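**Q** coords please:
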Amino acid sequence: MLRRISLTSWIFIALVAGVVIGAMWPHFGVALNPLEVIFLRLIKMIVGPLIFATLVVGIAGHGDLKGLGRVAVKAIVFFEVVTTFALILGLVAVNWVRPGAGATLGAAAQAGADLASTPAHQSLMQSLILHTFPQSFAQALANGEVLQVVVFSVLFAIALVLAGTGEGRPAHTVLRFCEGLMQIMFKLTEIVMWTAPFGVLGAVAASIGHEGLGVLLPLAKLVATLYGALVIFVVVIFGAAILLFRIPLGRFWAAVKEPTLIAFSTSSSEAALPSALENMEAMGVSRRIVGFVIPTGYSFNLTGSTLYLSLAAMFIAQAAQMHMGLGQQIFMLLTLMLTSKGVAGVSRAAIVVLAATAATFGLPLSGVALLLGVDQFLDMGRTAVNVIGNCLAAAVVARWEHEPLASHAAAADRVTAG
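**A** Numbers count the residues shown, from 1 in each chain. The predicted model follows:
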């Protein structure tokens, strides 16, 4: 019976239990803090190898750097433009509302502040150099310098392609190894995520035991801020793209409403993929565009998740009472533009990326564990926006390629009728 309870349900149970324990037995709640520490150490353990394997396979798996074609270039341009707007909107929203201002992360925050003190006195250019270019891949892994891991992984993948990944070539064996490593890291991540309820229990019980029930109010403000920002993003940014590329709004909504509802209710982009592929092709987007743009968007166009990441990282900084200047926030935005691409295929990937970003900028990881308690509510909204964004990307590229989006009128009528 216990095995039938989903991970999401266990996390919610742990959240409630943590609230009760922290409120009724505060000293015992604080004593549960090691559960949080263990979970966060496990998260840090998997980040580096996971990003390395997924990026290498994602880039080198194509086998030909020139073979992605015109459609790929247009899709990636659109991906980067909208995800940049998402990151910026997340930063604007969290700096305006300041949902983390009333929270506190206790002693762990001071440790994070100590780690962040050195970068705070460096210029943006110095920070870019120090945190971007690794002098040792092993050292970057050990120090949790996730941006350096990304740079090494991208260069390694390019070199792998140039060396030739065809059957019988030595580089082919290396690519197969990275594919195997990626699958193993996915499984290891699933195992680690099953320790999340214990991490949530320890984080929530310790926080409430130390600070009282008032710590829950900032989390509610965070949920409200995220959903408000997501609505603005869909209306303004997606709406501008629809107008600019003259995409028929009624038919587009008819095509995306089913996969969006699936994504929102299951918190899974993968569950919505078959419906998204079928409905966008029925709307009139050619199969060659649908087949490339939407699956690629699952790695490069996670607009809802990227908006959440910038918002959540600043929420942790606010809760830790750590001031991040404009230069540091811009640097963090650039970091998230890269790291958010790395682990899209992993369950609760945003938590993994957020933990990596927090480690890079000296933010207390206790904030990541605290956010896990409400992550299910956050995940539903950001996943739905991810799916809408990927469907929109397919329609935009089709219009960019001068497709009329009317060649499958009969099929489109079936979608509308459905």
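**Q** for the stretch 51-200 of the chain, what spans make up the helices?
**A** Taking DSSP state H, counting those that start in this stretch as the criterion, the stretch 51-200 of the chain contains helices spanning 69-97, 107-120, 124-132, 137-143, 146-163, 170-193, 196-211.
**Q** Deepest in the core, which of those helices is it.
**A** helix 196-211 (a mean of 26; mean count of other CB atoms under 10 Å). Backbone N, C-alpha and C define where each C-beta goes, glycine included.
**Q** Could you export it as CSV, CA atoms only?
**A** The C-alpha trace of helix 196-211 is given here as CSV (Å, rounded to 0.1, in the frame of the first residue of the first chain):
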residue,chain,number,x,y,z
ALA,A,196,13.2,14.3,-1.0
PRO,A,197,10.4,13.7,1.6
PHE,A,198,13.0,13.4,4.4
GLY,A,199,14.8,16.5,3.2
VAL,A,200,11.5,18.4,3.2
LEU,A,201,10.6,17.1,6.6
GLY,A,202,13.9,18.2,8.1
ALA,A,203,13.9,21.6,6.3
VAL,A,204,10.3,22.5,7.2
ALA,A,205,10.5,21.2,10.8
ALA,A,206,13.8,22.9,11.5
SER,A,207,12.7,26.2,9.9
ILE,A,208,9.4,26.4,11.8
GLY,A,209,11.0,25.1,15.0
HIS,A,210,13.5,27.9,14.7
GLU,A,211,11.4,30.8,13.3
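**Q** Can you spell out which helices and strands pack onto that helix?
**A** helix 7-24, helix 26-31, helix 33-60, helix 366-372 (3 or more CB pairs under 8 Å, 6 or more residues apart in numbering; DSSP states H and E).
**Q** Save the ones you listed as a markdown table, and put in distance to Phe85 and mean pLDDT too.
**A** Below are the helices and strands packed on helix 196-211 laid out as a markdown table (distance: least, CB to CB, whole Å; pLDDT from 0 to 100):
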| stretch | distance to Phe85 | mean pLDDT |
| --- | --- | --- |
| helix 7-24 | 29 | 84 |
| helix 26-31 | 40 | 88 |
| helix 33-60 | 23 | 79 |
| helix 366-372 | 23 | 78 |
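**Q** Distance to Met185 added to those helices, as CSV?
**A** Output for these, formatted as CSV (distance: least, CB to CB, whole Å):
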stretch, distance to Met185
helix 7-24, 18
helix 26-31, 33
helix 33-60, 4
helix 366-372, 19
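**Q** nearest to Gly362, of the helices of the stretch 51-200 of the chain?
**A** Taking CB to CB, helix 107-120 is the member of the helices of the stretch 51-200 of the chain nearest to Gly362, at 3.1 Å.
**Q** what's the average pLDDT for the closest one?
**A** Averaged across helix 107-120, the pLDDT comes to 40.
**Q** Wait, Pro91 touches Ala312, no?
**A** Small correction: residue 91 is Leu, not Pro. No. The criterion here is CB atoms under 8 Å, and Leu91 misses it with Ala312 at 11.0 Å.
**Q** so what's the nearest residue to Gly164 once chain neighbours are set aside up against?
**A** Among residues not flanking Gly164 along the chain, Ala171 sits closest, at 5.5 Å (CB to CB, 6 or more residues apart in numbering). By CB atoms under 8 Å, 6 or more residues apart in numbering, Ala171 lies in contact with Leu160, Ala163, Gly164, Thr165.
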